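Q: Any chance you can model this:
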Amino acid sequence: MQSTVMGLTEAQMTEIGMTLGVGGLMLMMLLIVGHLAWESRAGKFGTFVLFLGLTLGLVGFTAKYVIQLALGIE
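A: Next up is the predicted model:
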């Protein structure tokens with residue numbers, strides 16, 4: 001018998017925590033980069049470069065998740 005917490009298995013809890021937790025951290029990072037661009041008065045091109053350089057890893061993580069959903073990989 002599998003032990004459950006609030007009706008969820010450990011694998012389900014981990015999946016929810018990773019999805020919501022990492023998603024929340026990604027949103028917070030976007031807000032931090034936006035604030036950094038605003039405080040430094042970077043301008044349009046500077047803001048674009050900041051977002052491109054500092055959030056490129058977020059795109060990779062999101063793409064991995066989308067590809068897994070598209071291919072049905074768990």
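
Q: buried stuff in the strand or helix carrying L31?
A: Under the assignment given by DSSP states H and E, the secondary-structure element containing L31 is helix 10-39. In terms of neighbour count (16 or more other Cβ atoms under 10 Å), helix 10-39 has its buried residues at 33, 37. The way it works is simple: take the backbone N, C-alpha and C, and place the C-beta from them, glycine included.

Q: pLDDT (mean, whole number) over the next helix or strand after it?
A: With elements assigned by DSSP H and E, the helix or strand that comes after helix 10-39 is helix 43-54. The average pLDDT within helix 43-54 is 90.

Q: And the pLDDT at G17?
A: Confidence per residue is given as pLDDT, and for G17 that number is 87.

Q: Against L27, how distant is H35?
A: Relative to L27, H35 is positioned 13 Å away (Cβ to Cβ, to the nearest Å).

Q: Next, the angle from the helix holding L31 to helix 43-54.
A: Taking axes from the mean of the first three to the mean of the last three Cα atoms, to 10 degrees, one finds helix 10-39 and helix 43-54 inclined to each other by 150 degrees.

Q: Can you tell me which helices and strands helix 10-39 packs against?
A: The elements that helix 10-39 packs onto, with contact taken as 3 or more Cβ pairs under 8 Å, 6 or more residues apart in numbering; DSSP states H and E, are helix 43-54, helix 56-71.

Q: Sort out which residues of the shortest one are buried, please.
A: If you call a residue buried by 16+ other Cβ under 10 Å, then helix 43-54 has these buried ones: 47, 50-51.

Q: Now do the contacts for M13.
A: Applying Cβ atoms under 8 Å, 6 or more residues apart in numbering, we find M13 in contact with V5.
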